[in-house]
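# I need the structure of the sequence given here:
(one chain, ligands or ions: 2)
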Amino acid sequence: MKHNDQMKENKTQVRDVILRTVKTQKLLSAGIVITVVGAIIAALIPPLILAEIVDTITEGNGAPLFLILSYFGMIVITGMTESAREGLLTVFGQKITHALRSSMMKKFISLTADNINRQEPGTVVSRFVGDVDTVENLFSSGIISMFADACKILSILFVIWFENRGLTLVLLILLPFLFGFTRHVQKNMLTAQIENRKAVGRASGHVPETLHNIRTIHCLGKENYMEKRYDQYIGESYRAMERTNFYDAVYSPVILILNAVVVAVVMLLSASGNSQILRSFGMSAGTAVAVINYISQIFGPVESLGMEIQTIQSAMAGIHRINEFFKQEEKKETYQAVRIPETDIPVEFKDVTFGYDENVVLDHVKFQVREGEQVTLAGRTGAGKSTILKLLLGLYEPQDGEVLVRGIPAAQIQAQDRRTIFGYVEQSFHMVPGTVKDQITLYDEGITDEQVREVIGLVGLKEAVEGLENGVDTWCTAELFSQGQWQLLSVARAAVAGPAILLLDEITANLDAETEQNVLMALKKVSKDRTVISISHRMTASMGRTIFIS
Ligand code: ATP
Ligand code: MG
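Residues are numbered from 1 along each chain as shown. Ligands and ions are numbered 1, 2, ... in the order given. Below is the predicted model of the structure:
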């Protein structure tokens, strides 16, 4: 069963997240459908009322108060439904963003260690931020607005068809050209905007780069060169911006003039005496007013359609990249809980061969570590010492041979058991957001305050912690402790759950001799009655039997 869930999870796609959101947000989805349709219908009515008003007046009757009130009433209702639609779409877009980011985070933390290692921080951030934003835009200003705009254009054409057939034909011929022109302008503007952004990026990167290398620049007399480069970047940005401004300046007048020309032509035709023409273009004064109103309403949606297509295109690219992210391999957490057998050989490498890619790092490595034994792994840099610890922690699996911890493959040890089996200390301390206590417990609520107090005493940090404003509950910042003290905290973190095996990776490499002695002393206390596998370059820090890794 659990296995099945895992398989399903592996196939998560943006589409599933969206469908799930639609299902859980039934009211919101219904609200969107109602306001989209409502806004289209509501926008069609005011011009028709206006036509009635004008016709009543031109027939010599007084202005009908009821019609005038309903005209304004309908305009208010149109505005209200449109803003309700926009509001609901925005909320829906945010729900999608939330659901997507949660699913992506769930995916991210279940990636294999190898996969996480390969992630470029910048790329991950742009998946979570940029690409998710494009999907949000797809809803807040893309696909649904596009549907609404297309419906609006069609319904206006439909209504005009009954009022003035000739005009419908004129519009049917004109609209594709208008759309083509709009897209042309929008594409050029987008290109110019992207160029501008790149140029601005280069220009702003140039300043810190110059400052960073200022001595070299002065030394080599490269001031003019740097200045020219800067000039070139801001020149590029300026030219790109000019193009954006040009298109921006041209578009609106063209649309306004086109609007006026269509109105003028239709009015002229409807006023012509030719009965042939009048059959298609003839209309009352009231209808003329309504038609003018509709014409000005139809240009807006055409312009929006262009932008919406743009939004949908970039959302498609974003969805593709997020789906790629979802496709990555996950950790297998499907193993049955295994009973960890009692054995006096806690760690054994049985002919282990392992490489990260094709390059073999460990080639048929074999060794055993007995209960309570303290061994040091030695070997040249890059020999694979740290890799051995990573294999023991189950972060990677060997390509050949077996990595056994108490007789069972290391990767099969369940996450919740790992902390009582292993304590792992790295070369440098990685602070987690939180208090001193959080640094030690790593938010594990199963660890008692008593255990925390004890381990702090054991590593010799009692006085330092007591000297803090709120003791173990002091919020951690990088300056709170010295490097040696951080490293002691690291030992405390590894030892607090009372692990049977300690894995230490060059934990004193960054420390001066005196601090190193302190850390080693703390370590000695912590190592008592434990199996310890340590890596060290310095003979002073090595313990027990030495195993050479070549
Ligand atoms: P040092 O003494 O310098 O710490 P080491 O013996 O601990 O060296 P490892 O860190 O185990 O060496 O690395 C062994 C080899 O594996 C190196 O060539 C390294 O480039 C490579 N390697 C380590 N981690 C990865 C990784 N995540 N992806 C790909 N290759 C890696
Ligand atoms: Mg190493």
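
# from what I can see, Gly423 looks like it's in a strand, true?
Yes - under DSSP: H, G, I helix; E, B strand; the rest coil, Gly423 sits within a strand.

# Assign the closest residue in space to it that isn't next to it in sequence to helix, strand or coil.
Across the structure, with CB to CB, 6 or more residues apart in numbering as the measure, the residue nearest Gly423 apart from its sequence neighbours is Ala494 (3.2 Å). Yep, even glycine has a C-beta here, placed from its N, CA and C like the rest. Put simply, Ala494 is helix when judged by three-state DSSP.

# how many other residues sit next to Ala494?
24 (other CB atoms under 10 Å).

# Looking from ligand 1, tell me which residue of the stretch 151-300 of the chain is nearest.
As assessed by CB to the nearest ligand atom, ligand 1 sits closest to His212 within the stretch 151-300 of the chain, at 28.3 Å.

# which stretches of the chain form strands?
Assigned by DSSP state E, the chain shows strands spanning 347-355, 360-369, 374-378, 400-405, 408-409, 422-425, 501-505, 531-535, 545-548.

# list the contacts for the residue nearest to Gly423?
Gly423, Tyr424, Val425, Leu502, Leu503, Leu504, Val526 (CB atoms under 8 Å, 6 or more residues apart in numbering).

# Roughly how far does it sit from ligand 1?
According to CB to the nearest ligand atom, to the nearest Å, Ala494 stands 18 Å off from ligand 1.

# Same question for Ile501.
Using CB to the nearest ligand atom, Ile501 is found at 18 Å from ligand 1.

# May I have the beta-bridge partners of that residue?
Beta-bridge partners recorded for Ile501 (DSSP bridges): Phe422, Thr531.

# And for stretch 522-530, what's in contact with it?
Residues from elsewhere that reach stretch 522-530 (CB under 8 Å, 6+ apart): 372, 374, 458-460, 488, 491, 494-495, 499-502, 504, 507, 543.

# Mark which of the residues you listed are buried, thanks.
Applying 16 or more other CB atoms under 10 Å to the contacts of stretch 522-530, the neighbour count classes 374, 458-460, 488, 491, 494-495, 499-502, 504, 507, 543 as buried.

# If we only consider these, which is nearest to Glu308?
Ala494 (55.0 Å; CB to CB).

# nearest to Leu169, of the buried ones among the contacts of stretch 522-530?
Closest approach to Leu169 among the buried ones among the contacts of stretch 522-530 (CB to CB): Ala494, at 80.6 Å.

# remind me which residues of the stretch 401-550 of the chain are low pLDDT?
Counting by pLDDT under 70, the stretch 401-550 of the chain contains low-confidence ranges at 538-543.

# try 80
415-416, 509-511, 536-544 (pLDDT under 80).

# How about the residues of it by ligand 1?
By CB under 6 Å from any ligand atom, no residue of the stretch 401-550 of the chain approaches ligand 1.

# and Val459, backbone torsions?
Main-chain torsions, Val459, degrees, to the nearest 10: phi -90, psi 0.

# is it true that it touches Leu489?
Yes - counting by CB atoms under 8 Å, Leu489 is a contact partner of Val459 at 7.5 Å.

# how much space is there between the residue nearest to the spatial centre of the chain and Ser103?
Residue closest to the mean C-alpha point of the chain, counted by CA atoms, centre = their mean, is Phe128 at 0.7 Å. Distance of Phe128 to Ser103, computed by CB to CB, to the nearest Å: 11 Å.

# repeat for Asn510
In this view, Asn510 and Ser103 are 39 Å apart by CB to CB.

# do Gly286 as well
Distance of Gly286 to Ser103, given as CB to CB: 55 Å.

# Tell me which residues touch Leu389, please.
Neighbouring residues of Leu389 by CB under 8 Å, 6+ apart: Tyr424, Leu503, Asp505, Ile533, Ile535.

# quick revisit: burial measure for the residue of the stretch 151-300 of the chain closest to ligand 1, as a count.
Other residues lying near His212 total 10 when counted by other CB under 10 Å.

# just the one 10 residues further on next, same as before
The burial metric for Lys222, expressed as a neighbour count using other CB under 10 Å, is 15.

# how close does the residue nearest to it when sequence neighbours are not counted sit to Glu227?
Among residues not flanking Lys222 along the chain, Thr216 sits closest, at 7.6 Å (CB to CB, 6+ apart). In this view, Thr216 and Glu227 are 15 Å apart by CB to CB.

# So which of the two has more stuff around it?
Per other CB under 10 Å, whichever of Thr216 and Glu227 has more neighbours is Glu227, with 12 against 9.

# Can you give me the pLDDT of the more buried one?
Note on Glu227: pLDDT of 93.

# contacting residues for it?
With contact set as CB under 8 Å, 6+ apart, Glu227 has no partners.

# again, only using 10 Å
Glu227 makes contact with His206, Thr210, according to CB atoms under 10 Å, 6 or more residues apart in numbering.

# And for Arg545?
Going by CB under 10 Å, 6+ apart, Arg545 touches Phe367, Val369, Arg370, Glu373, Gln374, Val375, Thr376.

# What distance do you get for the closest residue in space to the fourth one that isn't next to it in sequence to ligand 1?
Nearest non-adjacent residue to Glu373, counting by CB to CB, 6+ apart: Thr531, 5.9 Å away. Using CB to the nearest ligand atom, we find Thr531 at a distance of 20 Å from ligand 1.

# Hmm, Gln13 is touching Met104, no?
No - counting by CB atoms under 10 Å, Gln13 does not reach Met104; the two are 11.7 Å apart.

# So, low pLDDT: which residues of the stretch 151-300 of the chain?
Where the stretch 151-300 of the chain drops to pLDDT under 80, the residues are 272-283.

# Tell me which stretches of it form helices.
Secondary structure of the stretch 151-300 of the chain (DSSP state H, counting those that start in this stretch): helices at 165-212, 214-220, 223-271, 275-281, 285-327.

# cool, the stretch 451-550 of the chain as well?
Under the criterion DSSP H, counting those that start in this stretch, the stretch 451-550 of the chain contains helices at 462-466, 483-495, 513-527.

# For Pro301, which of the ones you listed is the nearest?
Closest among these, using CB to CB: helix 483-495, at 60.3 Å.

# So Ser141 versus ligand 1, what's the distance?
41 Å.

# Count the residues that sit near the closest residue to ligand 1 within the stretch 51-200 of the chain.
Ligand 1 sits closest to Asn117 of the stretch 51-200 of the chain, with a gap of 4.2 Å, by CB to the nearest ligand atom. Neighbour count for Asn117, taken as other CB under 10 Å: 12.

# Fine by me, we can end here.
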